[in-house]
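K.L.:
next input, structure requested:
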Amino acid sequence: MERRDIEIFLTLAEELHFARTAERLGVSGARVSQSIKQLERRFGVALFQRTSRQVTLTPVGSALREDVQAGYQRIQEGIAKAVAAGRGFSGTLRVGFSSPLVAEAVMAAAEAFRTRHPGCEVRIREVHLSDAFGALRAGELDLQITELPVRESDLSSGPVLLRDPRMLAVSCRHPFARRDGVTVEDLARDTVLVPAGAPGYLLDTLVPAQAPSGRPIRREHVLTSRQELLTLVGGGAGTAVVG
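P.N.:
Below is the predicted model of the structure:
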């Protein structure tokens, strides 16, 4: 069996629909039909039962799918490894992230990357905003998904991947907890906890130094994790702008 014929057979066995199989593989419906007919002539037995309403596998077709699937998968993996090695996709890709919002997306992307490039290991670690780019500059990370803006002369930033509306975390005992929303002007009424060590331009984007009226916003720099930050907020130490 040619590799393309195997691919057509396995895809049709999954889709059980000639048009969807052709669309998925980017070939004509005639090519799918021709390939299956050639296989059936070669084996001397029907692999699919066709009616005007549905396509089903015959017992022989089902058995062939079980026998071929595992071997074909190993062939695909071997080819992928060879291609990855030829393209340099081997070794370890180290990825950092600094926002809980992107954690799920990072895991999904890493899984897709591992499937395409099985010869390359992906390692993921969280980065704290108190040292936003230290690991990247030290060569401990190859790339990082982080909050924008990034205005570092020695770093290159890519496009926006996700957008997260800003919320204000407050204690359930705080007066703001009884309101539907707050404004930047309201931030001047209380202390706002911000991550110590984060770039000044990033802090100004998250929590400006002044309210629109000119009143100063008290920003207290705390060196803590996000979980500890929310604990401080719950204890009444201040409010915090979060995703």
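K.L.:
helices and strands of the chain: which one bottoms out on pLDDT?
P.N.:
In the chain, no helix or strand scores lower on mean pLDDT, DSSP states H and E than helix 59-87, which sits at a mean of 80.
K.L.:
next SSE downstream of it?
P.N.:
Remark: after helix 59-87, the chain's next helix or strand is strand 91-97, criterion DSSP states H and E.
K.L.:
give me the buried positions along that next one.
P.N.:
Buried residues in strand 91-97, defined by neighbour count with 16 or more other CB atoms under 10 Å: 93-97. (C-beta placed from N, C-alpha, C; glycine too.)
K.L.:
please apply the same query to stretch 115-133.
P.N.:
Buried residues in stretch 115-133, counted by 16+ other CB under 10 Å: 117-120, 122, 124, 127-133.
K.L.:
which of these fall in strands?
P.N.:
If you go by DSSP state E, the buried residues of stretch 115-133 have 120, 122, 124 in strands.
K.L.:
just name the closest of the residues you listed to Ser35, please.
P.N.:
The closest of those to Ser35 turns out to be Cys120 (CB to CB; 33.3 Å).
K.L.:
show me the beta-bridge partners of that closest one.
P.N.:
Note on Cys120: beta-bridge partners by DSSP bridges are Gly91.
K.L.:
one step back: what's the least confident helix or strand of the chain packed up against?
P.N.:
Counting contacts by 3 or more CB pairs under 8 Å, 6 or more residues apart in numbering; DSSP states H and E, helix 59-87 is packed against helix 3-15.
K.L.:
let's go with 10 Å and repeat that
P.N.:
helix 3-15, helix 29-43, strand 48-50, strand 55-57, helix 100-116, strand 120-126 (3 or more CB pairs under 10 Å, 6 or more residues apart in numbering; DSSP states H and E).
K.L.:
so the first one versus helix 59-87, what angle?
P.N.:
When axes from the mean of the first three to the mean of the last three CA atoms, to 10 degrees is applied, the directions of helix 3-15 and helix 59-87 differ by 120 degrees.
K.L.:
show me how far helix 3-15 is from its chain's centre.
P.N.:
The chain centroid and the centroid of helix 3-15 are separated by 29 Å, computed with CA atoms, centre = their mean, to the nearest Å.
K.L.:
name the nearest residue to the spatially most central residue of the chain, sequence neighbours excluded.
P.N.:
Nearest residue to the geometric centre of the chain (CA atoms, centre = their mean): Ala105, 2.6 Å. Computed as CB to CB, 6 or more residues apart in numbering, the closest residue to Ala105 that is not its neighbour in sequence is Leu162, at 6.6 Å.
K.L.:
what of Arg116?
P.N.:
Distances taken as CB to CB, 6+ apart put Ala80 closest to Arg116, at 6.8 Å, once the chain neighbours are dropped.
K.L.:
ok, now which ones touch that neighbour?
P.N.:
By CB atoms under 10 Å, 6 or more residues apart in numbering, the contact set of Ala80 is 89, 115-119.
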